[in-house]
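1. missing the sequence, but the structure's below:
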Ligand SMILES: *[C@@H]1O[C@H](CO)[C@@H](O)[C@H](O)[C@H]1NC(C)=O
Ligand SMILES: *[C@@H]1O[C@H](CO)[C@@H](O)[C@H](O)[C@H]1NC(C)=O
């Protein structure tokens, strides 16, 4: 939701987007795979655990969590209680107690025991269950991943990443949310922690192989975002690129690379793609994605490029990391039932104008904050200079607001996307987007192809020039239509959350990692068959300015 490194994107925007926009329109490659019908799949997942996955793991190559990570458990005092004052405008009732209690019961009943699900189908064997789904994980030297966690003090000047990387990347458990959130499954997760969460999940993927010739895809557990993130401010370009260049040298000399020239390899970027795309003469980020090896690989990133084919958007991590299907279903029931006194809501900060009115994002932000502040039907949580900064960083505050609104406004942030869009979905709040780059061209494996089913699109031009009032647009949407959209959003929850990575694969639901891995496998299959990605052009007009 909030970019913890506010100046990052101001700079990224200032230096990078002006270069990127003109350079890239010709390369506008949008790939819409014949992905599984998300709605249908998610509907099934929401209500019944996937019993096909209950068999034994095919190849257990899971290694125990390195001991240095265990030592990082936050031993500081518990967080202070949330402020009781609700920022004036936030006045939502606490969630119904029943679902929360139920969630607790289910979780405690499950903890550490075998799955209570029906027995696995007798005929299912690892061989047929995993056919075409095997993943090989590169055993990288520790400097590419766990050393970065060990040296977590150096990862950010502003944020205590040591605190945020505990619990397999989920961060410290949230225990005091004043009844806003259930007492299990919720963590103070940093938006840049995805690489660690994803790696932790992949260690327990149920179809791992140590035989590269059987692998449908090859995972490279390099923490690309943590690596570049520590060098974005005040380091030379050479320092920013060094580890990525070393990685590619290492990969090129590995037997697994040779078979496909790395085109079956994938890795995760827990930062936006622009942090890895320093063009010639540019000053921001690393050149990682411009290196020839990276061009053969697939990167899963929290924000992908609309103009380049080899990175694909995956959801930002949210605060919810359920362990099993019952915990998700319980939360879905809670957000279906919650009272939503606000028609719409916004949580976020104003953006710097840099002394000119050219910063479109800042102008749109101001307009949205002003429209919300003036409306009696909008709940507003202001961050940064104009608000009390910490309000926006307290997960309970954000979730309380989003659970009490029908629509949640998601203007561009420092870049196209915001974590807040996924916090909104998680709260059953229908997202309102102002630019297609904020979601529709990003998360094509995780969001339904038809954006009207789960979101509202209000082109930002009208908001910027003052001719469109968001409230008017939203009021025109009928109650039945709002309810249908909300139901769609609630059904999307399982596939946009990252399951607790410490829980064994098996009796569970398909989460964001499962969807992403299936997407990668299908993409690699197409690449091997020499098929081009499907190109969509629906949104081209919004990008070629
Ligand atoms: C990328 O893939 C192509 C096609 O397989 C291959 O010829 C090329 O050598 C690969 N690039 C690198 C850097 O390995
Ligand atoms: C405002 O923007 C909308 C959408 O681009 C456009 O149709 C309209 O003409 C603009 N109005 C003014 C007064 O600039």
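-> The structure has been received and is ready for your questions. None of the values given here were measured: they were computed from a predicted structure. Ligands and ions are numbered 1, 2, ... in the order given.
2. now the protein against ligand 1: closest residue?
-> Among residues of the chain, the one nearest ligand 1 by Cβ to the nearest ligand atom turns out to be residue 261. It sits 2.9 Å away. Every C-beta, even on glycine, is put in place using the N, C-alpha and C of the backbone.
3. ok, the closest residue to that residue other than its chain neighbours - contacts?
-> Once flanking residues are discounted, residue 261 sits nearest to residue 296: 5.4 Å by Cβ to Cβ, 6 or more residues apart in numbering. Residues touching residue 296, when contacts are defined by Cβ atoms under 8 Å, 6 or more residues apart in numbering, comprise 260, 261, 262, 263, 265, 310.
4. where does the stretch 1-150 of the chain dip in pLDDT?
-> Under the criterion pLDDT under 70, the flagged ranges of the stretch 1-150 of the chain are 1-125.
5. ok, the chain next?
-> Low-confidence segments of the chain (pLDDT under 70): 1-125, 354-358, 385-390, 505-507, 535, 545.
6. mind doing that once more with 50?
-> By pLDDT under 50, the low-scoring segments of the chain are 1-123.
7. look up phi and psi at the residue of the chain found nearest ligand 2.
-> Of all residues in the chain, residue 461 sits closest to ligand 2, with a separation of 3.3 Å (Cβ to the nearest ligand atom). Recorded main-chain torsions at residue 461 are phi -60, psi -50, according to degrees, to the nearest 10.
8. the closest residue to residue 392 other than its chain neighbours - how many residues pack around it?
-> Using Cβ to Cβ, 6+ apart and skipping the chain neighbours, the partner closest in space to residue 392 is residue 383 (3.4 Å). Residues contacting residue 383 under the criterion other Cβ atoms under 10 Å number 20.
9. partners of residue 383 in the sheet?
-> With beta bridges defined as DSSP bridges, residue 383 has these partners: residue 349.
10. identify the residue nearest the geometric centre of the protein.
-> Nearest to the mean C-alpha position of the chain, counting by Cα atoms, centre = their mean, stands residue 316 at 1.5 Å.
11. so it is in which element?
-> In this assignment (DSSP states H and E), residue 316 forms part of neither any helix nor any strand.
12. I figured it hits residue 417, correct?
-> Yes: under the criterion of Cβ atoms under 8 Å, residue 316 lies in contact with residue 417, with a separation of 7.5 Å.
13. what is in contact with the two at once?
-> Residues within reach of residue 316 and of residue 417 at once, by Cβ under 8 Å, 6+ apart, are residue 302.
14. what is the neighbour count of the residue of the chain closest to ligand 2?
-> If you count neighbours by other Cβ under 10 Å, residue 461 ends up with 14.
15. which one is residue 320 nearest to, not counting chain neighbours?
-> When the adjacent residues along the chain are set aside, residue 320 lies closest to residue 497, with 5.2 Å between them (Cβ to Cβ, 6+ apart).
16. how close does the one you found get to residue 167?
-> To residue 167, residue 497 is 15 Å away according to Cβ to Cβ, to the nearest Å.
17. equivalent analysis for residue 222, please.
-> Counting by Cβ to Cβ, the gap from residue 222 to residue 167 is 21 Å.
18. just residue 513 next, same as before
-> Following Cβ to Cβ, the distance that separates residue 513 from residue 167 is 16 Å.
19. bridging residues for the residue nearest to residue 456 when sequence neighbours are not counted?
-> Nearest in space to residue 456, with sequence neighbours left out and distances taken as Cβ to Cβ, 6+ apart, is residue 432 at 4.6 Å. Listed by DSSP bridges, the beta-bridge partners for residue 432 are residue 409, residue 456.
20. mind listing what the residue nearest to the centre of the chain touches?
-> Neighbours of residue 316 in contact, by Cβ under 8 Å, 6+ apart: 191, 194, 302, 417, 418, 419, 421, 422.
21. how does it look with 6 Å?
-> Listed by Cβ atoms under 6 Å, 6 or more residues apart in numbering, the contact partners of residue 316 are 191, 302, 419, 422.
22. show me where the stretch 251-400 of the chain has helices.
-> For the stretch 251-400 of the chain, the helices defined by DSSP state H, counting those that start in this stretch cover 255-260, 292-296, 325-337, 360-374, 395-403.
23. please name the nearest non-neighbouring residue to residue 294.
-> Counting by Cβ to Cβ, 6+ apart, residue 288 is the residue found nearest to residue 294 once chain neighbours are left out, at 5.7 Å.
24. the one you found: neighbour count?
-> Around residue 288 there are 28 other residues, counting by other Cβ under 10 Å.
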